[in-house]
Structure formats: C-alpha cells, structure tokens
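> need coordinates for the following:
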Amino acid sequence: MTKKHAKAGNGYTTLTAETDIWVEPDTESEIVGHLEEGAKVAIYDHCSGWMKVKEGWIPCAADEQPEAPAPPVVYDLYRVAAYSGTNLYSEPNRASAVTGVLPLGADVEAMKTGKEWLQTERGWVLRSRVRKV
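Residues are numbered from 1 along each chain as shown. Predicted structure coming up:
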C-alpha cells in the first residue's frame, strides 16, 4: 500500500501583476514558468518576500497575505533507491537542467506521477531511481 501524507497550505492569493516563477526563492535561480495578472494561486509557504506555489516560488510585496486557507496537498511518498542517488530535473527529460541531487534514502514527495517521471515540489525525478514507501 502506498503511503500518502498531506501538508496544510497557507492560503490563496490573487496576483496583482504578472510574474515569473523561480525554482528557488532567489531571482538568480532558474525561471520555470510565468503567471498572469489576476491568476488565483494556492500558497504553500512564505520565505523572505517570496511565496511557494505549486510550480515554484514567486516574489510578493511585504504586505501581501493569503486571502483564504489553501486545501492540503496530498503526496505519494517514495524513497531514493539508487545507490548513487538521483538528479532533480527542471523538466521531465534528461536533457533539461539538473536543479539538485537527492542522496540514497532521501524521501521524495510526488505531486504527480507518470510512467517514467515523478514531479516533486523541487523538480522532476526519474521513477526508476525511487521506490514507493
């Protein structure tokens, strides 16, 4: 049986301007997407002027706060089984940028699962490198 667990969200916000989405809460990190003005997004964390959304991190004004509680996010739990660990990729293909490395035994919370790839909050992982917990 696959274990699932949930993390409570911090709320929703409606964007007052268009913005890019970054891999990390830092404008020097890779841009992985874009959101339009007026988009309503779930906020899962805050960090020094940044808000964690499903796809990555977006900057926020100091006075910007979530409008309402966000629903909990349910993840499938996996663990890195490859002896040498595994890379995190920006897209579900090996030609995309490597955004991090997970060591042997690291827990992986899969937001989406596919035949070959798992999407995590930090990037994409090859499914063959992990096992369900």
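> for the protein, which spans come out with low pLDDT?
Confidence mapping of the chain against pLDDT under 70 gives the ranges 1-10, 61-74.
> please redo it, this time with the cut-off set to 80
Within the chain, the stretches with pLDDT under 80 are 1-14, 16, 44-49, 60-75.
> pairing partners for the strand ranked longest in it, with directions?
Taking DSSP state E as the criterion, the chain has its longest strand at strand 73-80. Strand 73-80 has its sheet partners listed here by DSSP bridges as strand 4-7 (antiparallel), strand 107-110 (antiparallel), strand 130-132 (antiparallel).
> okay, and the beta partners of Thr13?
Counting by DSSP bridges, Thr13 is bridged to Val41.
> surely it is in contact with Val41?
Yes. Thr13 lies in contact with Val41 (C-beta atoms under 8 Å); the separation is 6.2 Å. Where you see a C-beta, it was placed from the backbone N, CA and C, and this is true even at glycine.
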